[in-house]
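[1] got a predicted structure plus its sequence, pasted below:
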Amino acid sequence: MSALVIRDLVRTFGDVRAVDHVNFKVEPGEICGFIGPNGAGKTTTMRICSTLDLPDSGDVRVGGRSVLTHPRDVRRALGFMPDAYASEPNMPVSDYLDFQARAQGLRGPAKTKAIRDVVEFTGLAPLLKKDTTTLSKGMRQRAGLAVTLLHDPTLLILDEPAAGLDPRARVELRELLSLLANDLGKAVLISSHILTELSEICDVVAVIEQGRICASGRVEDIQRELRPHASYLLRALAEHDVLERFLAEQPGVRDVHGEATGIAFSVDDELAASRVLSAAVREGIQVVEFKSIEADLEEVFLSLTEGAIQ
Ligand SMILES: Nc1ncnc2c1ncn2[C@@H]1O[C@H](COP(=O)(O)OP(=O)(O)OP(=O)(O)O)[C@@H](O)[C@H]1O
Ligand SMILES: [Mg+2]
């Protein structure tokens, strides 16, 4: 069974269609990146999934339970980490964890174990005595993740957890999420403005703009769909203009142009590319490098979204 199923979800605020017939799923053990520009509808969708808001129409199921009919079951099954906490409790991190664990209904040895487990998992031990109001952004995210994991949810919904983190904290977050999904089988929905920030850790992405999903699936598949022609780079011990002339003469080769590291060109498929390589070798061209070029992720994202703010 899917961990999260969003079906035909609609949420409007006055004239603004914040969420406009959104559909997608997240499977157990899968990390799904929810990508879109400011105001695209990410937070609104995530809040509905977490039972903090109700849709105008459509439904969300978490572990098979509907947010409309079984919100309590949904809350037990998921952990939501908002992009910002409304208020900061003025207490040591250890007390804050204890308070949150009790709020989740944990008591006695079960509570002690839950706190010990999340502190160990998130590496929070050195921060336990610090006051929550004095935590840095990265520390706060770590404490937020610990709180989100206290009741051992099967689905994690994280609203822009990487925003404002330094590169090391980002790598650490990435590692924690990989462990949660790959080793513990949890489903993760994680939002960001930036596709490149998530592409390495996400199995799948859903790209949203103005409330509508404009692309979803594996990043490689989306790249291929947007750029159906394969691009290749040829580097050889020869003058650039000789190589360019040679490539331009090959059947099926298009878009020949020089780049810093060699000559780039497009062909329809792999067979055509291998023919180009054979012909180059036959011609006595001393090939040093021949490789396919992936579409730049930022380019893919920009071509999907127009950046319009509602
Ligand atoms: N409570 C609300 N009342 C009125 N409009 C709202 C409310 N919440 C969200 N909106 C509107 O819904 C749209 C989507 O907002 P949302 O916060 O879901 O976007 P987002 O993708 O999370 O953006 P960001 O990347 O800036 O966090 C925006 O136009 C926003 O102004
Ligand atoms: Mg948001």
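    Yep, it's here. Ligands and ions are numbered 1, 2, ... in the order given.
[2] was I right to think Glu197 contacts Ala162?
    Yes - shown here, Glu197 and Ala162 form a contact pair, counting by CB atoms under 8 Å, at 5.7 Å. C-beta: built from backbone N, CA, C; applies to glycine.
[3] which residues are common contacts for the two?
    Common neighbours of Glu197 and Ala162 are listed as Arg170 (criterion: CB atoms under 8 Å, 6 or more residues apart in numbering).
[4] how much space separates the residue in the stretch 151-300 of the chain positioned nearest to ligand 1 from Asp83?
    Residue nearest to ligand 1 within the stretch 151-300 of the chain (CB to the nearest ligand atom): His193, separated by 5.7 Å. Computed with CB to CB, to the nearest Å, the distance linking His193 and Asp83 is 11 Å.
[5] anything in contact with each of the two?
    Common contacts of His193 and Asp83, defined by CB under 8 Å, 6+ apart, comprise Glu160, Ala163.
[6] can you tell me, leaving aside adjacent residues, what's nearest to Ile115?
    Taking CB to CB, 6 or more residues apart in numbering as the measure, Ile115 lies nearest to Leu97, with 5.1 Å between them; neighbours along the chain are not counted.
[7] looks to me like that neighbour is in a helix.
    Yes - assessed by DSSP: H, G, I helix; E, B strand; the rest coil, Leu97 belongs to a helix.
[8] count of neighbours near it?
    Burial measure for Leu97: 24 neighbouring residues, criterion other CB atoms under 10 Å.
[9] the residue of the stretch 151-300 of the chain closest to ligand 1: what's it in contact with?
    Here His193 is in contact with Ile35, Gly36, Pro37, Asn38, Glu160, Ala163 (CB under 8 Å, 6+ apart).
[10] those: which ones sit near ligand 1?
    Gly36, Asn38 (CB under 6 Å from any ligand atom).
[11] and the contacts of His193, which are buried?
    Neighbour-count burial (16 or more other CB atoms under 10 Å) applied to those gives Ile35, Gly36, Pro37, Glu160, Ala163.
[12] going by distance to ligand 2, which of those residues wins?
    Glu160 (6.4 Å; CB to the ion).
[13] checking the closest residue in space to the closest one that isn't next to it in sequence next. Helix, strand or coil?
    If you skip the residues right next to it in sequence, Glu160 has Asp83 as its closest partner in space, 4.6 Å away by CB to CB, 6+ apart. Classification of Asp83 by three-state DSSP places it in coil.
[14] how much space between Asp83 and Ala248?
    Distance, Asp83 to Ala248, by CB to CB: 51 Å.
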